[in-house]
Each structure stands twice: as C-alpha cells, then as structure tokens.
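Novice: Here is a sequence with its predicted model. Questions after.
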Amino acid sequence: MKIRPTQKLRGEINLPGDKSISHRAALFAALATGETRIENFATSADCASTLSCLEQLGVEIKRENSTVVIKGVGKTGFQKSENPLDCGNSGTTMRLLAGILAAQNFDSVLTGDESLSKRPMRRVIEPLAQMNASIEAAENHAPLKIFGNNPLKSVFFEPKIASAQVKSCVLLAGLNSDGKTSVLEKTPTRDHTERMLRWFGVATEESDADNGRLITVSGDAELRAKDLLIPSDVSSAAFFLVAAACLDGSEIVLPNVGLNPTRNAVVEVLKDFGAEIEILNLRETGNEPAGELRISGKGNLRSRLSSNVLRGKIIANLIDEIPILAVFGTQIEGGLEIREASELRVKESDRIKSVVENLRKMNATVEEFEDGFRVEKSRLKGAKVQSFGDHRIAMAFAVAALFAEGETEIEDAECAAVSFPAFFEILQSVAK
Ligand code: S3P
C-alpha cells in the first residue's frame with residue numbers, strides 16, 4: 001500500500017462494529033437459549049473466525065452484511081468438531097473459546113496462524129487447570145488440545161497480568177462450574193464481558209474491594225437470547241481521531257462510537273494533548289455507552305498535563321491504541337513516552353519493536369525500553385515500512401504517512417482486515 005501525505009480529513013465515517021464486543025455477542029448468543037439478532041456486527045476477520053468456530057461446533061448462524069442471527073444452543077449444547085477450530089489471528093477467539101470448551105463433554109483442538117501460535121497461552125491454561133480442566137499445549141502455545149468430560153470446579157482467581165481475555169476466559173468457564181467463580185482484578189480491564197452477561201440475563205456480582213475489583217459468576221446461571229446493536233469500534237476510531245487532530249482544518253464525524261469508560265482512555269488522552277473532540281448524543285446500546293464523536297483538527301498540539309508520560313493503570317485502558325499514539329507522539333510538543341506496557345510485546349506482533357523500527361525508518365527520534373518507548377516530536381519522512389503482519393501497525397503507519405514528507409509504502413498492509421477491512425478505502429475517501 002502506497003500512501004502520500006494529505007492536507008486534512010473531512011467527512012462522516014460509519015465505522016464497523018466493535019471487535020471485542022462482537023466476539024462476546026456471538027459467543028454469548030451461542031451459549032444462550034433462543035435466537036439473537038446482532039446488528040452492526042464487526043466486519044473484522046477476527047470476528048469471522050469466532051463465527052466459523054461456532055459453526056463448526058454446531059451453532060446455526062445466518063449472516064447478511066453486518067447483521068448476524070445466532071440460534072443459541074445453551075451452555076453445554078455444542079457438538080464436537082471433527083476438525084481443529086481455526087482461530088486465525090484472533091487471541092480473543094482462542095482464549096474465550098478455551099473457557100467455553102473446557103466445560104464441554106467432548107475434546108477440541110484450537111489452532112491459530114503463525115502469530116497466534118507464538119502468543120502466550122499459559123495465562124488461560126493455568127486458571128483453567130485450577131478449575132480441573134485438562135489442556136495440552138506444547139510450551140503453552142497453540143495448538144491447544146482441550147479434553148472434555150472434566151467437571152469444572154469454581155475458583156477464586158487473581159490474574160497476575162491485566163487481561164480482559166484472561167478474565168473473560170475464567171468467567172466463561174465459571175458459568176459451567178460447580179459454584180461461584182470470582183476474578184479479582186487489580187487493574188481494571190475492559191468490562192464488555194460483564195456488561196454482555198447482564199444483557200443476556202446473567203446477574204454477575206461486582207464490587208470494589210480494597211485490592212481491586214471483584215467479579216463473580218455462578219455456575220448455575222443461564223443466558224437468554226436478546227437482540228442487540230453493537231456500537232462502532234473506538235479502537236478503529238482512534239486512527240481517524242489522531243489523523244484529524246494533527247491535520248489543521250480537519251473535520252470528522254464518527255457516529256455511534258462505543259465509549260465504555262474501561263476502553264475510551266484514548267479519547268481523554270487526545271483531549272489532554274489539546275485535541276478538540278466533542279461527544280454528542282450519548283446513549284446506551286446493548287449495555288454499552290456510545291456517542292457521536294466530532295473532531296476538529298488544529299495541529300500545534302501540546303499537553304495540558306504536567307507530563308508527557310503514560311504509565312500505570314491507564315495502559316490497560318488504551319492498550320490497543322498505543323501504536324497510533326506512538327505516531328501521535330511524533331506530532332506533539334514534547335513528544336510522548338509510554339511505560340509499563342510490556343504486554344505490547346506479546347500482541348499480534350511485538351508492538352514496541354514494530355513501532356520503534358518503523359518510526360526510525362520514517363526519521364523519528366525514538367528510544368526503546370523493555371516496557372515501552374519514548375518518541376520525540378519529529379519531521380516524518382516517507383519510507384518503506386513493515387506491518388509485521390499486525391493490523392494495528394499497518395493502520396497506524398498509514399496515518400503516519402499522512403504527516404510525512406513524500407510517499408510511504410506499507411508492506412503487507414492487507415492485514416488491516418483483521419480488524420478493519422475497509423480502512424484504506426475509507427481513509428482515501430476522507431483525505432482532502
Ligand atoms: C481484548 C483484550 C485485550 C486487547 C485485545 C482484545 C478483548 O487483550 O488487546 O485486542 O476483546 O478482550 P488482553 O486482554 O490480552 O490485554
């Protein structure tokens with residue numbers, strides 16, 4: 001993909017449905033009794049992986065554009081798949097399905113692509129083993145062989161890392177356990193699972209303890225089908241927010257964007273750095289807050305805070321937006337430093353390395369740390385960069401290309417389809 005700089009972005013963009021929420025909507029609709037109609041289901045390849053795994057497990061699914069209708073089979077009504085279940089590039093599919101499959105009365109195998117096969121799975125294997133599940137995985141990597149017919153015991157689990165996927169895996173297994181399963185989160189992570197469980201009629205117990213947030217589900221809970229509309233993906237919005245914020249004269253409108261407080265720190269951070277973002281028409285859809293984002297570009301951005309360093313609990317809230325924030329850092333006075341973000345090293349690519357390498361190729365001044373990086377305000381120059389097979393890297397550097405002098409070429413840019421198949425088309429349509 002070759003991209004040339006642009007003056008500004010203008011237009012209204014209907015972004016695809018949220019990827020994290022769509023995965024959960026599909027999985028929970030399958031676990032429910034009755035039929036669920038899901039509107040604005042993510043167009044992402046990752047969510048298509050979730051749907052095809054569910055179909056292989058005997059779930060009937062009708063899909064027309066962004067509407068998906070799922071006939072629930074109940075918590076243990078899945079059928080054994082004769083073939084391995086291919087989760088593609090999707091960590092969410094693999095980790096959440098592991099929690100569901102550990103409780104079925106048949107064996108399953110979960111596989112993934114090259115990137116997913118390198119990502120850490122011990123984080124789900126360990127708690128599931130504590131629950132009496134039996135899983136085989138060489139060096140704790142996919143493929144995961146999950147043995148059925150092991151009645152699950154309830155557990156009290158305190159994850160060592162902040163991960164919504166791990167929390168969700170344990171809560172899903174907990175739905176089929178012999179009692180009450182609790183997860184104590186020291187650092188809050190996206191709470192789409194908790195919200196979606198309530199939407200499907202499951203009364204989760206949630207409380208703020210001194211040492212974190214406690215979430216409890218009961219093994220006898222039942223899910224009931226309920227139609228829903230998925231808000232658009234704030235992580236996809238982030239690319240356009242950053243591009244518009246930095247290009248003077250830009251005006252972009254993004255309707256119906258998910259604004260879950262455990263997920264939307266990127267919007268607050270951009271505002272803290274002087275971006276003009278207005279939120280209109282705030283409402284709830286499928287238990288998730290959503291609203292229209294309007295952004296006006298001004299250029300000349302600088303922090304309104306005392307520091308240009310992001311670290312601590314906010315990192316989990318904007319973990320997927322860090323690649324695009326790195327690009328943002330090249331455009332703001334004083335640059336940007338990200339720390340305590342070593343989770344980035346085990347995402348679809350090593351995102352610290354991917355970002356640092358590409359930014360350097362584009363003439364930015366960057367320092368790499370084990371747990372993050374520091375980028376200075378820099379004059380970007382067009383270059384040949386890599387996506388590293390990582391959708392968010394491909395899209396972040398498409399935005400960097402808009403600010404650069406000369407042309408930028410992104411190798412293997414098609415991987416953007418993992419979360420946002422129409423990204424380049426839409427970017428071109430709003431670049432003026
Ligand atoms: C996700 C959680 C995050 C995020 C991923 C989607 C989810 O991963 O990076 O893109 O849908 O639960 P972790 O929970 O592993 O941090």
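Specialist: Yes, it's here.

Novice: Can you name the secondary structure element that comes next after the lowest-mean-pLDDT helix or strand in the chain?
Specialist: Least confident helix or strand of the chain, by mean pLDDT, DSSP states H and E, is strand 301-302 with a mean of 88. Counting by DSSP states H and E, the element after strand 301-302 in chain order, helix or strand, is strand 309-310.

Novice: ok now that next one, how far from the chain's centre?
Specialist: Centroid displacement of strand 309-310 relative to its chain, using C-alpha atoms, centre = their mean, to the nearest Å, is 21 Å.

Novice: if I pick Asp208, what's in contact with it?
Specialist: Shown in contact with Asp208 (C-beta atoms under 8 Å, 6 or more residues apart in numbering): Leu214. Any C-beta I mention is one placed from the backbone N, CA and C, and that applies to glycine too.

Novice: Am I right that it is in a strand?
Specialist: Yes. The assignment for Asp208 by DSSP: H, G, I helix; E, B strand; the rest coil puts it in a strand.

Novice: what's near enough to touch the residue in the stretch 1-150 of the chain that the ligand sits nearest to?
Specialist: The minimum distance from the stretch 1-150 of the chain to the ligand, using C-beta to the nearest ligand atom, falls at Ser20 (3.3 Å). Ser20 sits next to Thr92, Ala164, Arg190, His192, Arg263 when contact means C-beta under 8 Å, 6+ apart.

Novice: For the ligand, tell me which of those residues show up nearby.
Specialist: When contact is defined as C-beta under 6 Å from any ligand atom, the contacts of Ser20 meet the ligand at Thr92, Ala164, Arg190.

Novice: before we move on, the earlier item: direction included, what does the least confident helix or strand of the chain pair against?
Specialist: If you go by DSSP bridges, strand 301-302 pairs up with strand 332-333 (parallel).

Novice: now Pro159: how far from the ligand?
Specialist: Distance, Pro159 to the ligand, using C-beta to the nearest ligand atom, to the nearest Å: 9 Å.

Novice: Torsion angles phi and psi at that residue?
Specialist: The phi and psi torsions at Pro159 (degrees, to the nearest 10) take the values phi -60, psi 140.

Novice: pretty sure Ala341 contacts Asp371?
Specialist: Yes. With contacts defined as C-beta atoms under 8 Å, Ala341 counts as touching Asp371 at a distance of 5.8 Å.

Novice: Find residues that contact each of these two.
Specialist: Common neighbours of Ala341 and Asp371, counting by C-beta under 8 Å, 6+ apart, are Ile352.

Novice: Comparing these two, which residue is more hemmed in?
Specialist: Legend: neighbour count by other C-beta atoms under 10 Å for Ala341 and Asp371, higher for Ala341 (22 against 15).

Novice: Can you tell me, leaving aside adjacent residues, what's nearest to Ser168?
Specialist: Once flanking residues are discounted, Ser168 sits nearest to Thr193: 4.2 Å by C-beta to C-beta, 6 or more residues apart in numbering.

Novice: residues contacting the one you found?
Specialist: Residues in contact with Thr193 (C-beta under 8 Å, 6+ apart) are Arg24, Ala164, Lys167, Ser168, Leu171, Leu172.

Novice: that's a helix at Leu241, yeah?
Specialist: Yes. Membership of Leu241 in a helix is supported by three-state DSSP.

Novice: so what's the closest residue to Ala133 other than its chain neighbours up against?
Specialist: Excluding the flanking residues, the one nearest Ala133 by C-beta to C-beta, 6+ apart is Ala102, at 3.6 Å. Contacts for Ala102 (C-beta under 8 Å, 6+ apart) come out as Leu128, Met131, Ala133, Ile135, Ile146, Asn150, Leu152, Ala173.

Novice: Show me where the stretch 151-300 of the chain has its helices.
Specialist: Ranges of helices in the stretch 151-300 of the chain, per DSSP state H, counting those that start in this stretch, are 164-174, 192-199, 234-246, 265-272.
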